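1. A structural model of the following input is requested.
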Amino acid sequence: MEHFTVEELCKSTTAKKYGIKNVPNKYERKNLEFLIENLLEPLRERLGQPIIVNCGFRNDVVNKLVGGSVTSAHRKGLAADLRINDNNIRLKEELLKSGLDFDQCIVYHSKTNPSFVHIGLSDKKNRRQVLFSPDGKHYFSF
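-> A predicted model of the protein is given here:
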């Protein structure tokens, strides 16, 4: 793991704010390692530039505090919310061009630029679902 660490994917401003330990169990840690090795590192190599992790693993308490879905892949260590410094839409484009396996890619939009891109895996079958969320609540297929 050259560019990402499990610890980086467990950092949470919400957990810090409320004094919550956001520590994955063995299963969740293995999932985070798998996510890094099979999705994040290859995507970083394709982009040729740093990827900033907004959010990775969220335990149940942190997930609830941030308003995450009860079925969120973040809870299993299988998702990350990412951004790059120029145009975040490149994350989606490179992911699709890469042929890398993924379950969901959700582009969350702000007024001028996508604010971050959620990329996740499934512990079942990956759907390669690409969605757009203009407000964080509603989703549309690209």
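
2. Contact partners for the most centrally placed residue in the chain?
-> For the chain, the residue nearest the mean C-alpha position is residue 80 (1.5 Å; CA atoms, centre = their mean). When contacts are counted by CB atoms under 8 Å, 6 or more residues apart in numbering, residue 80 touches 9, 35, 40, 53, 54, 55, 56, 74, 118, 119, 120. All C-beta atoms are positioned from the backbone trio N, CA, C, and that covers glycine.

3. and with 10 Å instead?
-> 4, 8-9, 32, 35-36, 39-40, 43, 51, 53-57, 73-74, 116-121 (CB atoms under 10 Å, 6 or more residues apart in numbering).

4. those strands in this structure, which residues are they?
-> Using DSSP state E, the strands found in the chain span residues 52-55, 79-83, 104-109, 114-120, 129-133, 140-141.

5. quick one on the thing from earlier: who's the residue nearest to the centre of the chain bridged to?
-> Here residue 80 shows beta-bridge partners residue 119, assigned using DSSP bridges.

6. can you tell me how far it sits from residue 117?
-> Distance of residue 80 to residue 117, computed by CB to CB, to the nearest Å: 9 Å.

7. list the residues that contact both of these two?
-> Joint contacts of residue 80 and residue 117 (CB under 10 Å, 6+ apart) are 51, 54.

8. Before I go, just wanted to say thanks for your time.
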